[in-house]
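**Q** quick one: sequence and predicted model below, then my questions.
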Amino acid sequence: MNPYTELYGSENRGPYSLSEVLNGNVTELTESSEGPSTTPVFHAEDNSHDAFQLKQKCIGDLPAATISEFMKLNSKEQASTRSLLNVANKILDESIERKNGDISKRVAYLLKEVVRDIERQISGQSEVFKKQNNLYKTREEKYQSKIRALEILAMGTSEENEVAMNQLRQLKTEKTKIEEKRKVEEQDVIKLMKEKAHSDVQISNLKQELELLKGTYEKHSLQMVVQAKETKVELEKKVMELECLLADSMKKVEALEAFSESKYLRWKKKELGYKSFIDFQSRSLQELRVASDSIKQEILKTQKVQSKEFNHFGMKLKGLVDAAQNYHTVLEENRKLYNEVQDLKGNIRVYCRIRPFLPGQSEKHTAIEYIGESGELVVANSSKQGKDSHRLFQFNKVFGPAATQEEVFVDTQPLIRSVLDGFNVCIFAYGQSGSGKTYTMSGPNLSSREDWGVNYRALHDLFHLSQSRRSSFTYEVGVQMVEIYNEQVRDLLCTDSSQKRYPFFRVFKVAFFLVLMKVYIIRSVLTVHVRGTDLKTNAVLHGSLHLVDLAGSERVNRSEATGDRLREAQHINKSLSALGDVIFALAQKSSHVPFRNSKLTQVLQSSLGGQAKTLMFVQLNPDVESYSETISTLKFAERVSGVELGAARSNKEGRGVRELMEQVAFLKDTVAKKDEEIGRLRTLKPNSSGEKRGISSPRYGSSSPRRHSMGTPRESRTLSGGKSLGRVEKASSDVDNSSDYSDRHSEAGSQQSLDDFRHHKEFFRQSRLAVVESGQIITDDVESNTAVQDGGRNLTEDFELLGFGDADSEERLSDISDGVLSMGTETDGSINSIVELTLFPETVKRPMESIEK
Ligand SMILES: Nc1ncnc2c1ncn2[C@@H]1O[C@H](COP(=O)(O)OP(=O)(O)OP(=O)(O)O)[C@@H](O)[C@H]1O
């Protein structure tokens, strides 16, 4: 708004006049700046204006009274100019006092107006003074002419002179008065001029101040304008933003409104739907109530009828439950009987286990179609046609992919425990590579108890069971690891060669062995020999547990092996096919079972040849790509399950048998001493038979039956069958592999020697078979024993002549062969019995010494 408008309330209203100030309206003027204009101010202005005009128009013709009045008015005006200046000064002083030198716009404007009024008044007054002077001059001239006229007249008439003289006097007095007046007025004019000069100075000061104020005001207003512009821009921006926000909000509001509207409509619809539904429901409820009442009635009726029928039915059901119980008892009995028949027949138990698909094999297809509770297994191959697409097999038990190690062991445990009752037990795993044999036998991770395989669980279990039987039995346990492939036998608990003769430890040492087992991951055959003594009857029992993790059963061409690996695979294959032959012969009840065709079958002879309990784990890879391997594995397993070994027998020895065993051991020891003597004698006669027969090494001089072997030193012998990945060498300890022997010993011996060897070997084999087949473990009298020993000694000597002596005592177990089997001390010709006799010399020796005495 225009500050002037603000000051005066309306733009049409003119500024305040000086007359207002002169009339003493200064305070009123200041106070009324906000209110409407006051009427008396305009009246005062009008009066002064009228007075001024009156002076200008009529002064020349005015009578003396009027002129004096006019003069009064002039002096009045001078007084008003003075008071006007006083007012201005007063306003300035007040402003300076109040505002500390800052004069407000309003005051500045007021002062400007006052100064303008003063200027106007002063210029008016000077005009008036000029006119008055002119007037006085004309009047003076008039009076001069009148005087002259009167003097002329005076000269004419004395009367007239007289009158004229009077008039003249009057005029003279008037003139002096006027002159006096004029002097006074001139003094006033001088005063006024002085005042005017003073006012001019004041005005110029005020003008300067006004200029200064104007400058600062303009500056300030300029700043204000700039600020206002900036603020305006900012505000505009903000307004824009707010407008955008507002637009967004409006949109959202619109969307929300639309949404709520649609929701409202939906709810409305739903409400209507519910209402109609509730109506319908309440109607239905009513109907239902009616119906339920009638149904209740009917139910009551039916209940009565039913309770009668229930009673009747209960009677019948009881009969049925009794019948079912009988049926289950019969079934249970049947199963027991079947198992007993199986036990009596000595059937090899066959458990089939299917491994799950390994991580990353999720896309593979399974060949396993059905797993029955009672050992049924159906395998299928969708790519095959006809009867080949589905095959059904029946085993003692089938473990599916989800079966745990614990579940598998629970079914194996009774068999393992029978070792402590003197039974020979053999558990072996068969199946193609990667089918889970090692997983089942050893477990993937010994540090996790749930992962333990049959091996570790069996040892653990035997240890705990033997501990719990401490009050009636003392048990001694020896553990061997036989790596069939390169014929190593390790007695894990022996620390040096002298101790090697005593691998049997008190049973508590088994705990130590369990710790050792964690160090060695046992795969190669693990054999646990148990000897228990009944504390009441003194009867001694021997039990052994073979745990065999066989090599992969897949065909050689499938294994894609070359070089050493190929030869190894061939050997493995050979031993597995030897196993197949043995199984086949057993299944056919053939009179000759070719146990000696491979080391594997030799080791397993005690378990397959009768009196033992044998369990085979058939491991399957579920992948349909392994279908043909799976089928051949299952066929083999089927054949194995048909093998009857005869009822298992416990190796319990009465006192008599034990004494005889002890005698045998004594005699063996005597023979050994004699052998040593012969050896000594031979060293006394160098260049004797060794040279003649082409045998040079005195190393083979020892003729101990225990230490003699038909084979070469251990490092040159290889046999296939176990899971070892050791060296592959072309050799066999068997008579059927004697061509290998002849090859290897061609440098050392002649053809004659070989013939002798074959002759003696055959002789030994027949003797052993005779002993084994007659079921005799040893002969009844010492004489016959001695005869056998003599025969053995002779043969030993012959062997020595041929150069097939033992390598050294530390490796005697690796030299187990037919030569050893010729000893009359064998129980069944198997490695198991040989190992026992070899490992027990000390324990049988002491009693024999007392007999001798
Ligand atoms: N029941 C099972 N559950 C989980 N994984 C298994 C199972 N059986 C086997 N496996 C896994 O399958 C793989 C092959 O198993 P394993 O080595 O025991 O086979 P194998 O028949 O002993 O093989 P090879 O004859 O080549 O030694 C291993 O990784 C093993 O952990």
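**A** Perfect, I can see it now.

**Q** all strands for the stretch 351-500 of the chain, in order.
**A** Here the stretch 351-500 of the chain has its strands, by DSSP state E, counting those that start in this stretch, at 368-371, 376-380, 390-394, 397-399, 424-431, 473-483, 488-491.

**Q** elements contacting the third one?
**A** Think strand 390-394. Here strand 390-394 touches strand 376-380, helix 627-641, going by 3 or more Cβ pairs under 8 Å, 6 or more residues apart in numbering; DSSP states H and E. In short, each C-beta sits where N, CA and C put it, glycine included.

**Q** next: the fifth one.
**A** Under the contact definition 3+ Cβ pairs under 8 Å, 6+ apart, strand 424-431 sits against helix 405-417, helix 437-441, strand 540-549, helix 605-608, strand 612-620, helix 627-641.

**Q** what lines up beside it in the sheet?
**A** strand 540-549 (parallel), strand 612-620 (parallel) (DSSP bridges).

**Q** that one vs helix 627-641, what angle?
**A** 160 degrees (axes from the mean of the first three to the mean of the last three Cα atoms, to 10 degrees).

**Q** separation between the closest residue to L634 other than its chain neighbours and D411?
**A** Spatial nearest neighbour of L634, chain neighbours left out: F393 (5.0 Å); criterion: Cβ to Cβ, 6 or more residues apart in numbering. F393 sits 18 Å away from D411, going by Cβ to Cβ, to the nearest Å.

**Q** who's more crowded, those two?
**A** In terms of neighbours (other Cβ atoms under 10 Å), F393 is the more surrounded of F393 and D411; the figures are 20 against 15.

**Q** the more buried one contacts A380, correct?
**A** No. Counting by Cβ atoms under 8 Å, F393 does not reach A380; the two are 11.9 Å apart.

**Q** model confidence score at whichever residue of the stretch 101-250 of the chain sits closest to the ligand, please.
**A** Using Cβ to the nearest ligand atom, the single residue of the stretch 101-250 of the chain nearest to the ligand is D248, 61.8 Å away. D248 carries a pLDDT score of 92 in this model.

**Q** what helices and strands are in contact with the strand or helix carrying it?
**A** Counting by DSSP states H and E, the element that carries D248 is helix 158-345. When contacts are defined as 3+ Cβ pairs under 8 Å, 6+ apart, helix 158-345 packs onto helix 64-99, helix 105-156.

**Q** if we can go back for a sec, out of the helices and strands packed on strand 424-431, the one nearest L660 is which?
**A** Distance to L660, taken as Cβ to Cβ, is lowest for strand 540-549 among those, at 12.2 Å.

**Q** residue of this protein with the smallest distance to the ligand?
**A** G436 (2.8 Å).

**Q** before we move on, the earlier item: rank the helices and strands packed on helix 158-345 by pLDDT, which is bottom?
**A** Among these, helix 64-99 scores lowest, with a mean of 64.

**Q** G436 against L358, yeah?
**A** No. Using Cβ under 8 Å, G436 is not in contact with L358; the gap is 9.9 Å.

**Q** who has more neighbours out of those two?
**A** When neighbours are counted by other Cβ under 10 Å, G436 and L358 differ, and G436 comes out ahead with 23 against 12.

**Q** could I get the contacting residues of the closest residue to K146 other than its chain neighbours?
**A** The shortest distance from K146 to any non-neighbouring residue, by Cβ to Cβ, 6+ apart, is to L171 (7.4 Å). Listed by Cβ atoms under 8 Å, 6 or more residues apart in numbering, the contact set of L171 reads 143, 146-147.

**Q** let me know the closest of those residues to K308.
**A** Checking the contacts of L171 against K308 by Cβ to Cβ gives Y143 as the nearest, at 171.3 Å.

**Q** which residues sit in contact with that closest one?
**A** 171, 175.

**Q** make it 10 Å
**A** 150, 168, 171-172, 174-175, 178 (Cβ atoms under 10 Å, 6 or more residues apart in numbering).

**Q** turn these into a markdown table, including distance to the ligand.
**A** Compiled in a markdown table, the contacts of Y143 are given as follows (distance: Cβ to the nearest ligand atom, whole Å):
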| residue | distance to the ligand |
| --- | --- |
| L150 | 167 |
| L168 | 166 |
| L171 | 160 |
| K172 | 161 |
| E174 | 156 |
| K175 | 157 |
| I178 | 151 |
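
**Q** and the two most separated of the residues you listed?
**A** The widest separation within those (Cβ to Cβ) is 17.8 Å, between L150 and I178.

**Q** rewinding a little: quick one: which of the helices and strands packed on strand 390-394 has the weakest pLDDT on average?
**A** In terms of average pLDDT, helix 627-641 trails the rest of those, at a mean of 88.

**Q** angle of it against strand 390-394?
**A** Using the same axes, to 10 degrees: helix 627-641 against strand 390-394 is 30 degrees.

**Q** helix 627-641 vs the ligand: in contact?
**A** No. Between helix 627-641 and the ligand, judged by Cβ under 6 Å from any ligand atom, nothing touches; the nearest distance is 10.8 Å.

**Q** please name whichever of the strands of the stretch 351-500 of the chain is nearest to V239.
**A** Closest to V239 of the strands of the stretch 351-500 of the chain, according to Cβ to Cβ: strand 368-371, at 79.3 Å.

**Q** list the strands paired with that closest one, with their directions.
**A** By DSSP bridges, strand 368-371 pairs with strand 376-380 (antiparallel).

**Q** need the contact partners of the strand it pairs with.
**A** 352, 354, 366-372, 388-395, 398, 400, 618, 620, 622, 624, 627, 630-631, 634, 637.

**Q** next secondary structure after the helix or strand where L579 lies?
**A** Using DSSP H and E, L579 maps to helix 563-587. Remark: after helix 563-587, the chain's next helix or strand is helix 599-603, criterion DSSP H and E.

**Q** please look at E625 and Q432 and confirm they touch.
**A** No. Counting by Cβ atoms under 10 Å, E625 stays clear of Q432, with 11.2 Å between them.

**Q** so between these two, which is more surrounded?
**A** Ranked by neighbour count (other Cβ under 10 Å), E625 and Q432 place Q432 first, with 22 against 12.

**Q** surely that one is in contact with L620?
**A** Yes. With contact defined as Cβ under 10 Å, Q432 and L620 form a contacting pair (8.2 Å).

**Q** what is in contact with those two at once?
**A** 626, 629-630, 633.

**Q** got these as JSON lines, with neighbour count columns?
**A** Output for these, formatted as JSON lines (neighbours: other Cβ atoms under 10 Å):
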{"residue": "S626", "neighbour count": "21"}
{"residue": "E629", "neighbour count": "22"}
{"residue": "T630", "neighbour count": "26"}
{"residue": "T633", "neighbour count": "22"}
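
**Q** closest to L600 out of the residues you listed?
**A** T633 (16.6 Å).

**Q** if we can go back for a sec, what's the most buried one of the helices and strands packed on strand 390-394?
**A** helix 627-641 (a mean of 20; mean count of other Cβ atoms under 10 Å).
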